[in-house]
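Chemist: Turn this into a model:
(one chain, ligands or ions: 1)
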Amino acid sequence: MEPVSANVRKRLICGNWKMNHTHFEAVKTIQDMMASLSDEELMRVDVVVHPPFTDLRSVQTVLETERFGVFLGAQHCYFEEKGAFTGEISPMMLSKLSVSYVIVGHSERRQLFGQSDEIVRKTLLSVAGSGMTPILCVGETLLDRESSQQNDIVCSQVEKAFNKVSSSIVSKMAIAYEPIWAIGTGKTATKEDASEMALVIRDKVEQIQGREVADSLRILYGGSVNEDNCLSFLRDVNIDGLLVGGASLDGKKFSAIVKKAQK
Ligand code: 13P
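Modeler: Next comes the predicted model:
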């Protein structure tokens, strides 16, 4: 079977706001995006914003009232549906707020809050089970890359996350390759490194889930992406979109990236 061309996969541009923006600032950011992006532009590319939990309801209200075609995303959740898990939020709670995408296993969750591969796997299943799309984050440390272990590390993260996860879930998902040394440092991976890793990831998914699933899943790059460098990643056939941190906090700047992602 011939591989599906990257042209068939719709681009996905996600803005991860991390722990930034009060709900007032969140609404202003969405309003700035509304002033910058047309319905046509939002039909050609899937665009997601991932505000902090405290902003979700306000952003949902604006998106729905204004019929603005940006998807609502979350940055994290816990895999259980409800119970004595102080401080946590469940997939069920997010889906009731019309959240469509959830970032799972971001390196900041893994490194700062000890999220294990097994928790990542359970969360991914739980998010998909609640009808939302998980965006699985993978990526190596600088030490891993300097010792040429990046492919092994990333493949192992993919393998552990997808253990006993059905192909119908994986085919609709996205994987974001975010090298940890490129996050918030102003240092991006080269286009070649990002492209090569996207290929390695797609091959790994093919090994686990078969060609059809590997061809339909979207692979994103994240790590110091901005308006000036985004095109070099977007032009690459192996990369289907971007997970943007800092440059997504300003509605106008994020919209400029979305405009460049038009095919
Ligand atoms: P920066 O774009 O700020 O480097 O963050 C990337 C990221 O971690 C997105 O999830």
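
Chemist: Tell me which stretches of the stretch 1-150 of the chain form strands.
Modeler: 12-16, 46-50, 71-74, 99-104, 133-138 (DSSP state E, counting those that start in this stretch).

Chemist: need those in JSON lines with mean neighbour count, mean pLDDT and distance to the ligand, can you?
Modeler: The C-beta positions use only the backbone N, C-alpha and C, and glycine is treated the same way. Formatted as JSON lines, these follow (neighbours: other CB atoms under 10 Å; pLDDT from 0 to 100; distance: least, CB to the nearest ligand atom, whole Å):
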{"stretch": "strand 12-16", "mean neighbour count": "26", "mean pLDDT": "98", "distance to the ligand": "4"}
{"stretch": "strand 46-50", "mean neighbour count": "26", "mean pLDDT": "98", "distance to the ligand": "8"}
{"stretch": "strand 71-74", "mean neighbour count": "24", "mean pLDDT": "98", "distance to the ligand": "11"}
{"stretch": "strand 99-104", "mean neighbour count": "25", "mean pLDDT": "98", "distance to the ligand": "7"}
{"stretch": "strand 133-138", "mean neighbour count": "26", "mean pLDDT": "98", "distance to the ligand": "7"}
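
Chemist: Would you reformat those strands as CSV and include distance to Asp250?
Modeler: CSV is the format used below for the strands of the stretch 1-150 of the chain (distance: least, CB to CB, whole Å):
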stretch, distance to Asp250
strand 12-16, 10
strand 46-50, 12
strand 71-74, 17
strand 99-104, 20
strand 133-138, 21
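
Chemist: Not including adjacent chain positions, what is the nearest residue to the residue of the chain found nearest the ligand?
Modeler: Residue nearest to the ligand within the chain (CB to the nearest ligand atom): Gly245, separated by 2.2 Å. Leaving aside its chain neighbours, Gly245 sits nearest to Asn16 (5.2 Å; criterion: CB to CB, 6 or more residues apart in numbering).

Chemist: ok, the one you found - contacts?
Modeler: If a contact means CB atoms under 8 Å, 6 or more residues apart in numbering, then Asn16 has His50, Gly73, Gln75, Ile103, His106, Gly222, Leu243, Val244, Gly245, Ser248 as its contacts.

Chemist: Out of the strands of the stretch 1-150 of the chain, flag the one nearest Ser116.
Modeler: With distances scored as CB to CB, the stretch of the strands of the stretch 1-150 of the chain nearest to Ser116 is strand 99-104 (12.3 Å).

Chemist: what angle separates that closest one from strand 46-50?
Modeler: With axes from the mean of the first three to the mean of the last three CA atoms, to 10 degrees applied, the angle from strand 99-104 to strand 46-50 works out at 70 degrees.
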